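**Student:** Just need the structure, nothing else, for what follows:
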Amino acid sequence: METRTLKLPDNFINILVNLPESGMGYQIVKVILRSGKVLHKQKVLNSEILLLEENELIQARDIANIELENN
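**Tutor:** Here you go, the predicted model:
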């Protein structure tokens, strides 16, 4: 499957910058959408680039919140 990227808005970048990394240069997060849907175990690179599978058709405005995923 192809992967596509989504640049996160500054408000989410500012939150993620202050949270620990899951690995070198990335964080594993839970993305909560305004629709109520939750995308688990999503990877964010450098606290600003969300990696999405090609079938996940969301835009930055669809995101209500982002949290670190509990392991």
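**Student:** Tell me which residues of whichever helix or strand K43 is part of come out buried.
**Tutor:** Element membership of K43, judged by DSSP states H and E, is strand 38-45. By neighbour count with 16 or more other CB atoms under 10 Å, strand 38-45 contains the buried residues L39, Q42, K43, V44. (Glycine included, C-beta is placed from N, CA and C.)
**Student:** Please list the outside residues in contact with it.
**Tutor:** 8, 16, 25-33, 50-52, 56, 58, 66, 69 (CB atoms under 8 Å, 6 or more residues apart in numbering).
**Student:** pull the CA atoms of it into CSV?
**Tutor:** C-alpha atoms of strand 38-45 as CSV (Å, rounded to 0.1, in the frame of the first residue of the first chain):
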residue,chain,number,x,y,z
VAL,A,38,-10.0,7.4,15.9
LEU,A,39,-7.0,6.3,13.9
HIS,A,40,-4.7,4.3,16.1
LYS,A,41,-0.9,3.8,15.8
GLN,A,42,-0.2,6.5,13.3
LYS,A,43,3.3,7.7,12.7
VAL,A,44,4.3,11.4,12.9
LEU,A,45,7.8,12.4,11.6
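**Student:** Given that strand, what are its sheet partners and their directions?
**Tutor:** Paired neighbours of strand 38-45 in the sheet (DSSP bridges): strand 26-33 (antiparallel), strand 49-53 (antiparallel).
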